[in-house]
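Asker: Predicted model, plus sequence, below.
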Amino acid sequence: MFRLTPIRAAIAALVLAALAGWASFGGYLAREMVAEIAVLAILALALDLVAGFGGMVSLAHGAIMGVGAYGYALANQAGLPPWPAALVGMAAATLTGTAIGAVSARLTGVFFLMATLAFGQMIWALTFRADALGGDNGLGGIARPPLPFLDSGDPLVFALYALVLAAGCLAVCVAVLRSRFGQRFEAVHDNPDRAAALGIAPERIRAQGFAISSMIAGAAGVLAAQHMQFVSPELMVWTASGEVLVVLILGGIGSLSGAVIGAAGFVLLKYWAADWTDHWHLAIGALLIVVVLAGERGLSGLLEGRRDA
Amino acid sequence: MTFEIQHLTAFYGKVQALHGLSLRVEPAQVHALLGRNGAGKSALLARIMGLLPAAQGRISWDGQDITHWPTPRVARAGIALVPETRDIFASLTVRENLTLAGRIGRGDWTIGRVAALFPNLSPRLATPAGMLSGGEQQMLAIGRALMTSPRLLLLDEPTEGLAAPMVATLQTALASLKAAGLAILLVEQNTRFALALADRVTLISRGATVWTGSPDDFADAQAVRARYLGA
């Protein structure tokens, strides 16, 4: 059902390559921004999987990413080395997403949206109040993963590592969508009654898709924790989830390439506009309206041209 | 594997579509369901599949009460629906439409067997299903339903909008399915097509059964036909 058209693959590959080039030849700030873009791109890919291909617009993805980040931080503080701790973080996010999906997947439209918003806010509130999680202060002193022959403390090394991870998550999303499961997931979105009449249980497929997406959101959280070496409840506020949705619409929802180009565009625009004005949200808002009015296919759709893919 | 409906009612929202309808489909028989537009034929098929919520009455299949079963469970129990709107998944290829459901039921249908039944489909397995002609889409919709290895096939106006040669192909295919032991509940406006295949005919009007009999009796029952079909 999903076809990673050559032009979409090219858009994603070019953006990732350009970011790698920028990190290599740019300064410290460029490298930090590239890592930030990679985190946001992975989270946007996770959201695109459910929102773009399953019609499930989630406002819990910021919180799910946060669970991944806290899972990594806590496991690492408890003495687990970074790589196993990363698995703990992703597993925690997957479990959280499985629970949220099991309840929310039977809902659609605005009711699904509200359910995910409620779950996300509960996770945020629990984290905010939990002394064991550092409360409002968050948790610091989180390790970056050891890399063979390379120092992940070096901003350039870390930026490139983050981009490799983003490319890996893109590949996972493509594989998921191309699988039999991915076809069913889109069929359930396309026509739930028809899928059900073929013996496919729509709620179960939707819940499974949400769990897979949560695993990828968890990977974004682990990467965010490694990048900042610090986690706080800020990650989990619902506006963080809303921001990812903006990224996705800016880049082009339901294309995967849109998640990558949208994340890059969003972060670059944010820093560029912040140089000029404190009201950088205004600039993003204006661009968002232009993009939506221009045909709802985002930057990626714009580059693809008029051809329907 | 007898299929029986007793005094079934169903609602589209607040509008009552079925008013105590009863009928019975025997194994390896074609049961034609005739009636005017809005008589409740499509509502009946949706209710059987669990796509319309249960109200009163009872649906039994192979000795089990399936009245309240959710749709996927009905499908897995061997009942398959080919809707009037066909609803093929347009962006999937023909092959992907066929394999989507995976192996449910006994798995006695394969892509090869569907392609043998509908030779038009075999050169088009890699084609996006949205590019098929109307007749080919109808064959794909039937093939997709067969891939769930049903014992009872619910067909909603399969000849609608098809050219005469396609209708003939379809008639041959359905006859061979019946010969292979499949029970078919055939909803049709095309009375001649339905009577050519049917072992039993039921006429419904305003969501209730008004006449049941053999095709021969139906041919003789001019008064009934005039009243409920205008023919």
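Answerer: Received it, and whenever you're ready, just let me know what you need.

Asker: CA atoms for contacts and neighbours, from now on please.
Answerer: Will do.

Asker: Give me the phi and psi angles of A:Leu250.
Answerer: phi -60, psi -40 (degrees, to the nearest 10).

Asker: Surely it touches A:Ile289?
Answerer: No. Using CA atoms under 8 Å as the test, A:Leu250 is too far from A:Ile289 to be in contact (9.1 Å).

Asker: Compare those two (neighbour count), which wins?
Answerer: Legend: neighbour count by other CA atoms under 10 Å in any protein chain shown for A:Leu250 and A:Ile289, higher for A:Leu250 (30 against 13).

Asker: Which residues lie in contact with the more buried one in this structure?
Answerer: Applying CA atoms under 8 Å, 6 or more residues apart in numbering or on different chains, one finds that A:Leu250 lies in contact with A:Gly258, A:Gly262, A:Phe266, A:Leu287, A:Leu288, A:Val291, A:Val292, A:Gly298, A:Leu299.

Asker: Return the closest of the residues you listed with respect to chain B.
Answerer: Nearest to chain B among these, counting by CA to the nearest CA, is A:Gly258 at 19.9 Å.

Asker: quick one: pLDDT of the closest one?
Answerer: A:Gly258 carries a pLDDT value of 94.

Asker: cool, A:Ala132 as well?
Answerer: Here, the pLDDT recorded for A:Ala132 equals 86.

Asker: Are we agreed that it is in a helix?
Answerer: Yes. Remark: A:Ala132 belongs to a helix, assigned using DSSP: H, G, I helix; E, B strand; the rest coil.

Asker: That one: how many residues sit nearby?
Answerer: For A:Ala132, the count of nearby residues is 10 (other CA under 10 Å).

Asker: How about B:Gly35?
Answerer: Residues lying near B:Gly35 (other CA under 10 Å) number 25.

Asker: Hmm, it is touching B:Leu203, no?
Answerer: Yes. Counting by CA under 8 Å, B:Leu203 is a contact partner of B:Gly35 at 5.6 Å.

Asker: where do the contact lists of the two overlap?
Answerer: With CA under 8 Å, 6+ apart, B:Gly35 and B:Leu203 have common neighbours B:Tyr228.

Asker: Look up how far A:Gln183 lies from the residue in chain A positioned nearest to chain B.
Answerer: Taking CA to the nearest CA, chain B has its nearest neighbour within chain A at A:Gly199, 3.9 Å off. Distance of A:Gly199 to A:Gln183, computed by CA to CA, to the nearest Å: 14 Å.

Asker: And those two? Which one has more around it.
Answerer: Between A:Gly199 and A:Gln183, counted using other CA under 10 Å, the more crowded position is A:Gly199 (28 against 24).

Asker: where does that one land in three-state SS?
Answerer: Following three-state DSSP, the label given to A:Gly199 is coil.

Asker: Leaving out the residues flanking it, which one is nearest to it?
Answerer: B:Pro72 (3.9 Å; CA to CA, 6 or more residues apart in numbering or on different chains).

Asker: Show me what from the stretch 151-300 of chain A comes close to chain B.
Answerer: Residues of the stretch 151-300 of chain A lying close to chain B (CA under 8 Å from any CA of the partner chain) are A:180, A:183-184, A:187, A:190-191, A:193-201.

Asker: quick one on the thing from earlier: for the buried ones among the contacts of A:Leu250, write the corresponding PyMOL selection.
Answerer: The following PyMOL line selects those of these that are buried, judged by 16 or more other CA atoms under 10 Å in any protein chain shown:
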select buried, chain A and resi 258+262+266+288+291+298+299
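
Asker: Can you tell me which of the contacts of A:Leu250 end up in helices?
Answerer: Of these, the ones assigned to helices by DSSP state H are A:Gly258, A:Gly262, A:Phe266, A:Leu287, A:Leu288, A:Val291, A:Val292, A:Gly298, A:Leu299.

Asker: now, which of these sits nearest A:Gly101?
Answerer: A:Gly258 (24.1 Å; CA to CA).

Asker: I'd like the distance between the spatially closest residue to the closest one that is not a sequence neighbour and A:Gly218.
Answerer: Spatially, and ignoring its direct neighbours in sequence, A:Gly258 is nearest to A:Gly251 (4.0 Å; CA to CA, 6+ apart). From A:Gly251 across to A:Gly218, the span is 21 Å (CA to CA).

Asker: Just the helices from the stretch 151-300 of chain A, written as ranges.
Answerer: Remark: helices assigned in the stretch 151-300 of chain A by DSSP state H, counting those that start in this stretch are A:155-178, A:180-190, A:192-197, A:202-228, A:238-251, A:257-276, A:280-293, A:298-304.

Asker: buried residues in the fourth one?
Answerer: Of the residues in helix A:202-228, those buried by neighbour count under the rule 16+ other CA under 10 Å are A:202-203, A:205-228.

Asker: ditto for the first one
Answerer: By 16+ other CA under 10 Å, the buried positions in helix A:155-178 come out as A:155-163, A:165-167, A:169-170, A:173-174, A:176-178.

Asker: Tell me how many other residues surround B:Gly63.
Answerer: Using other CA under 10 Å: B:Gly63 sits among 11 other residues.

Asker: List of residues touching stretch B:54-63?
Answerer: For stretch B:54-63, using CA under 8 Å, 6+ apart, the contacting residues are B:1-11, B:20, B:47-48, B:65-68.

Asker: show me the contacts for the residue nearest to A:Ala219 when sequence neighbours are not counted.
Answerer: Excluding its sequence neighbours, the residue lying closest to A:Ala219 (CA to CA, 6+ apart) is A:Met90, at 5.7 Å. Listed by CA under 8 Å, 6+ apart, the contact set of A:Met90 reads A:Gly68, A:Gly71, A:Tyr72, A:Met215, A:Ile216, A:Gly218, A:Ala219, A:Val222.

Asker: try 7 Å this time
Answerer: A:Gly68, A:Met215, A:Gly218, A:Ala219 (CA atoms under 7 Å, 6 or more residues apart in numbering or on different chains).

Asker: hmm, back to that, as a markdown table, the helices of the stretch 151-300 of chain A with distance to B:Pro123 would be great.
Answerer: Putting those into a markdown table (distance: least, CA to CA, whole Å) gives the following:
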| stretch | distance to B:Pro123 |
| --- | --- |
| helix A:155-178 | 22 |
| helix A:180-190 | 22 |
| helix A:192-197 | 25 |
| helix A:202-228 | 31 |
| helix A:238-251 | 38 |
| helix A:257-276 | 33 |
| helix A:280-293 | 41 |
| helix A:298-304 | 31 |
